[in-house]
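Undergrad: Could you look at this predicted model? Sequence included:
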Amino acid sequence: MPFHLHHDPVFYRPDYLFRHPIRAMYLGDTIRGVAAGLFGIFAPVYLFGIFRDAGVGVPVAAVFLYYAVFWFLATVGMYHAVKYYSRLGFRTIIFLAFGALAAHVVALALAAEGVAWLGLALIFGAAFSALFWPAYHMAFARAATEGRKAAAVGTRAALFRLGGIVSPLIGGMIIMRYGFPVLFMLMLGLLLLAAIPYATIEMRDGHRGGVRPLLREFRRNHGGRAAAAFAADGATIILAADAWPLFLVMIGVSFSGLGAIATVAALAAVTALFWFGRLADRVDRGKLLHGSSFAYMGGWVLRVFSVGIFSAFIAETVASLAGGLSAIPRDAYSYDRVGGERDPHQQVHLVLFREISLNAGRILGALVIAGLVLLGVELRWVLLLGIPTALLAPLVIPWGTAAADRKL
């Protein structure tokens, strides 16, 4: 069957697969959520074990230095990768990105045999992030219906969590019984499957190059405040995805316990995220973002004072709900800003501005955590950094509501 032209000429998709590109993205996100759930919460613990077995003096600090290098390479790669979007198209970018991701998973699996494989894992993982994330956010900003972007963000988050409801628990049991190699094989198959829905979308837009448009965006429309909000979000991601699981292991939580904590939190969040997304399109997003940011701060306080698996269950559930609620209006502001810009090149600049700011926060957060650990600070107290970073999310509001500037 021939390809049908969607109402937005940037999209081409086969009629027999999907009626709207957003559905393809939802399906890809759900499958990707299953794969991420299998390994995500265990990733920093796996890296910790590799560095410890390699004789690294402070393996916890080494984990965060690894992530700092990872996101630095990804940021440099993003800036150059977007220049080829118009030449290659979204579908080719997806194939290249998921090919790099498959190589990343294989290199991670082989790193158990020798720490040198982590170098290749860094390169391939950074290549995936550089290729995939700017293209993904561009496509999502276009595919989400105007005026209902918060609902789309909530649906996306809920489906990603839905995919990851049972997989963390399954991942923990697989690790305990069969080890990481079996987990990597299963995850690899799921990630390749997730690429198929994304590949039904075609989009051709590129970046003209140069840092001047990015610096200009930083200076206008409250771009500096937005960059601070995105950077804070990046630092919070490092804390939640990497420091928190390592802390749980330090206080005696097992692999199966880690999986169970992630599963219960995801189960609690799924229904709420569907509802919150629709609510955010009907109420004042700014008030919702301010309120949820304070609630997310409370989740971090609970995380800091977790002493065992039960208190960690409560802390993770509260933090997941509040963090998810905060992310919906924050991301909706971003997609409104990108989707409201008519110039495709400027849309790419806006996405790249967001991604570079986000990654700057990840890099800085990882370096600060590594430095604190090297100074002897316990991970429990490092988690206190999540309190100020959670409160900075509302800084994105003026940028997200600014009128689109058609001039580059």
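TA: In hand now; what should we look at?
Undergrad: Dead centre of this structure: give me the residue that sits there.
TA: Against the mean C-alpha coordinate of the chain, by CA atoms, centre = their mean, the closest residue is Ile237 at 7.6 Å.
Undergrad: for the chain, what helix or strand is lowest in average pLDDT?
TA: Taking all helices and strands of the chain together, the one with the lowest average confidence (mean pLDDT, DSSP states H and E) is strand 3-5, at a mean of 35.
Undergrad: measure Ala61 to Leu321 for me?
TA: 31 Å (CB to CB, to the nearest Å). Quick note: C-beta positions are derived from backbone N, CA and C, even for glycine.
Undergrad: Tyr66 now?
TA: The separation that Tyr66 has from Leu321, given CB to CB, amounts to 30 Å.
Undergrad: Over to Val56?
TA: 36 Å.
Undergrad: between these two, who's got more neighbours?
TA: In terms of neighbours (other CB atoms under 10 Å), Leu321 is the more surrounded of Val56 and Leu321; the figures are 20 against 16.
Undergrad: so the more buried one is in which element?
TA: Assessed by DSSP states H and E, Leu321 sits inside helix 309-339.
Undergrad: tell me the average confidence for the next helix or strand after that helix?
TA: The helix or strand immediately downstream of helix 309-339 is helix 344-374, counting by DSSP H and E. Per-residue pLDDT over helix 344-374 has a mean of 88.
Undergrad: Which parts of the very next helix or strand once past helix 344-374 count as buried, going by neighbours?
TA: Per DSSP H and E, helix 344-374 leads on to helix 379-382 as the next helix or strand towards the C-terminus. By neighbour count, and taking 16 or more other CB atoms under 10 Å as the criterion, the buried residues in helix 379-382 are 379-380, 382.
Undergrad: Quick one: distance of helix 379-382 to the chain centre.
TA: Averaged C-alpha coordinates place helix 379-382 at 22 Å from its chain's average position (CA atoms, centre = their mean, to the nearest Å).
Undergrad: Could you tell me the end-to-end distance of stretch 383-397?
TA: 26 Å (CA to CA, to the nearest Å).
Undergrad: Give me the mean pLDDT for it.
TA: When pLDDT is averaged over stretch 383-397, the result is 90.
Undergrad: Also stretch 220-232?
TA: Averaged across stretch 220-232, pLDDT comes to 85.
Undergrad: Also stretch 328-341?
TA: Across stretch 328-341, the average pLDDT comes to 77.
Undergrad: Spell out the residue ranges of the strands in the stretch 1-150 of the chain.
TA: Assigned by DSSP state E, counting those that start in this stretch, the stretch 1-150 of the chain shows strands spanning 3-5, 12-14.
Undergrad: Walk me through the regions of this protein where pLDDT falls short of the threshold, as ranges.
TA: Applying pLDDT under 70 to the predicted model, the residue ranges of the chain that meet it are 1-19, 144-150, 203-219, 271-272, 274, 276-281, 339-345, 402-408.
Undergrad: switch to 50 and redo it
TA: Segments of the chain classed as low confidence (criterion: pLDDT under 50) are 1-17, 403-408.
Undergrad: I'd say Arg156 and Ala143 touch.
TA: No. Counting by CB atoms under 8 Å, Arg156 sits too far from Ala143 to count as a contact (10.3 Å).
Undergrad: shared neighbours of these two, anything?
TA: Here Arg156 and Ala143 have Met25 as joint contacts, going by CB atoms under 8 Å, 6 or more residues apart in numbering.
Undergrad: contacting residues for Met297?
TA: 386-387, 390-391.
Undergrad: quick one: contacts for the closest residue to it other than its chain neighbours?
TA: Nearest residue to Met297, sequence neighbours excluded (CB to CB, 6 or more residues apart in numbering): Ala390, at 4.7 Å. The contact partners of Ala390, taken as CB under 8 Å, 6+ apart, are 232, 236, 293, 296-297, 299-300, 323, 326.
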